[in-house]
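[1] just to be clear, the model below is a prediction. Sequence and coordinates:
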Amino acid sequence: RLRSLRARVSLFYAALRSGALLAFCAGSYAVAVVTEARESEPEADKERELAAVRALLLRGFLGGLPLAIGAAVGGSAWMTGRTLRALEAVVRTAGRLGLERPGERIPCPAGLTSEVEGMVRALNEALARIDRAAAELRRFVGDAAHELRTPLAALMLDLELCLQRPRDAAALQERLGEALEQLGELARLLDVLMTLARVDAGELPVQCRPLDVESLLREVVAPYEALAAERAQRLVVQVEGGLKAQSDPLLLGRVVANLVDNACKFLPANKLVQVLTRRKGTQLVIAVVDNSPGLSQK
């Protein structure tokens, strides 16, 4: 119990009050000794009077000591009560925290000391940041599962059909080639997801350098030309030659790849997907344009 704040404060104030009482008694006795020394009385009378003073001070010290200790304990308990209740609330809340209680916060009643109030606010801000990070993690996992579910299901279905139906070598080679293309799409999708995860975690710093825009866009769009052709879509890149930009090629390429992938995935057959560039003052605008019906506002 001596490790608790209340016990330490109580002991400190008890020792302080006891020391003050002892110092008062010692000072009073010293004054009595000086006063008796200045008086012209027999030594026996002086000693008798000093003995009476000592007895009076001793009774006062012994009588005042319990009062001083009681006042110290009561005062320290009153002073630390609100602070300790706040700290106990911090401990209780921390013990209940978990992903299943995302909105849990530490109460901050009025009247706390500025130090404890600042600590509670800092902890609540930290909890809010943790909640946001957990929500982002859940969203990322959900998006990743959603993106991977469809191509994995299609690949599994193709492989099951290959096993169930006898095929000649040419047909089997064709189906294996399609499965390999699907695996390539999954690999690109996983690469995109890992890149986004590293960006969100701050582990992928932006590294800007001069870029040839046309070369970058054609390199990014090239893997999706086969996908567009398979879906009877047209994928066109219309970029001015010689355009330069200052950007991170990896991150910029991922943004354009995501837009092109979504356009090819959700656009009906016999539609056009265009990757265009235009100048806007000192800025270069890259746009992926399609004439899809768009998303419902509901």
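    That came through fine.

[2] my guess is Val220 meets Leu259, correct?
    No. Using Cβ atoms under 8 Å as the test, Val220 is too far from Leu259 to be in contact (9.8 Å). In this view, the C-beta of every residue, glycine as well, is placed from N, C-alpha and C.

[3] low-scoring stretches of the stretch 101-250 of the chain, by residue?
    Scanning the stretch 101-250 of the chain for pLDDT under 70 picks out the ranges 101-102, 109-113, 150, 188-189, 192, 196-205.

[4] mind redoing it with 50?
    Of all residues in the stretch 101-250 of the chain, none has pLDDT under 50.

[5] ranges for the helices of it?
    114-164, 169-200, 213-230, 249-266 (DSSP state H, counting those that start in this stretch).

[6] any idea how far the first one is from the chain center?
    I take that to be helix 114-164. 14 Å (Cα atoms, centre = their mean, to the nearest Å).

[7] also stretch 272-288?
    36 Å.

[8] for stretch 59-69, same thing?
    Worked out by Cα atoms, centre = their mean, stretch 59-69 lies 54 Å from the chain centre.

[9] and the nearest residue to Arg231 once chain neighbours are set aside, how far from Pro166?
    Using Cβ to Cβ, 6 or more residues apart in numbering and skipping the chain neighbours, the partner closest in space to Arg231 is Ala269 (5.8 Å). From Ala269 across to Pro166, the span is 31 Å (Cβ to Cβ, to the nearest Å).

[10] does Thr195 touch Leu250 like I think?
    Yes. Between Thr195 and Leu250 there is a contact at 7.0 Å, judged by Cβ under 8 Å.

[11] higher neighbour count, the two?
    Between Thr195 and Leu250, Thr195 has the larger neighbour count (other Cβ atoms under 10 Å), namely 16 against 12.

[12] quick check: closest non-adjacent residue to the more buried one.
    Arg254 is the one closest to Thr195 (Cβ to Cβ, 6+ apart), at 5.6 Å.
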